[in-house]
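1. pasting the structure only:
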């Protein structure tokens with residue numbers, strides 16, 4: 001793990017993409033954020049879209065932004081990288097997550113995004129693939145590797161904790177964070193040196 005100086009840590013926003021009743025997203029996000037917080041080079045901010053309460057109707061260009069959008073914008077703008085935690089619904093990602101993405105533009109630009117997906121047999125791969133296309137349109141960099149959790153409900157340990165010990169899963173988290181931090185540092189330096197052309 002790279003050594004860091006005070007003030008040189010990367011800020012990573014972990015976004016809980018599901019808002020439905022009975023959702024499992026906060027459990028997955030807490031687990032991933034816990035692993036990420038073990039790294040001295042990262043500062044983690046967990047953003048739960050259920051708490052953000054973004055409006056479902058987008059404003060027109062000449063209208064003032066709603067208060068929940070204004071409140072969330074600095075947290076996204078201040079992030080050097082994003083981790084999107086998403087379930088897979090009907091081979092895609094949830095509507096509230098798309099709504100949240102569409103409320104913002106510059107906040108995503110020239111920053112890396114990793115996807116942590118969970119679902120049935122696919123583990124959310126279809127949702128992750130679509131998210132990569134959406135973020136590419138917003139000039140964000142979707143990193144190659146992410147975390148997929150197929151049949152996530154089978155990962156409970158006998159004591160009821162989630163997930164049970166799994167060396168492969170831990171290795172996947174490490175690879176994802178390694179790639180995310182490489183891109184986050186490279187793109188942060190690039191943004192500081194040269195304006196991004198849109």
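-> Structure's in. What do you need? Here the structure is a predicted model, which means the values were calculated and not measured. Residues are numbered from 1 along each chain as shown.
2. host element of residue 46?
-> strand 42-48 (DSSP states H and E).
3. heading C-terminal from that strand, find the next helix or strand.
-> helix 49-52.
4. buried residues in that next one?
-> 49, 52 (16 or more other Cβ atoms under 10 Å). Using the backbone N, CA and C atoms, a C-beta is placed for each residue, glycine as well.
5. go on, stretch 45-63?
-> 46-49, 52, 54.
6. just give me how far it sits from the chain centre.
-> Using Cα atoms, centre = their mean, to the nearest Å, the distance from the centre of stretch 45-63 to the centre of the chain it belongs to is 16 Å.
7. start to end distance for that stretch?
-> Stretch 45-63 has an end-to-end distance of 29 Å (criterion: Cα to Cα, to the nearest Å).
8. which residues sit against that stretch?
-> Stretch 45-63 is touched from outside by 11-19, 23, 26, 29-30, 33, 65-66, 68-69, 71-72, 75-76, 79, 96-97, 99-100, 102-103, with contacts defined as Cβ atoms under 8 Å, 6 or more residues apart in numbering.
9. of these, just the buried ones, ChimeraX syntax please.
-> Buried residues within these, by 16+ other Cβ under 10 Å, are selected in ChimeraX with:
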select :11,12,13,14,15,16,17,18,19,23,29,33,69,72,76,79,96,97,99,100,103
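10. note down every partner strand of the strand holding residue 46 and its orientation.
-> Strand 42-48 pairs in its sheet with strand 10-16 (parallel), by DSSP bridges.
11. and the next helix or strand after the partner strand with strand 10-16, angle?
-> Once strand 10-16 ends, the next helix or strand along the chain (criterion: DSSP H and E) is helix 25-36. Angle, helix 25-36 to strand 10-16, by axes from the mean of the first three to the mean of the last three Cα atoms, to 10 degrees: 160 degrees.
12. contact partners of helix 25-36?
-> By Cβ under 8 Å, 6+ apart, helix 25-36 touches 12, 14-18, 42, 44, 46, 48, 83, 85-87, 116, 118, 147, 149, 152, 162-163, 170, 173, 177.
13. now do that helix, average pLDDT.
-> The average pLDDT for helix 25-36 rounds to 97.
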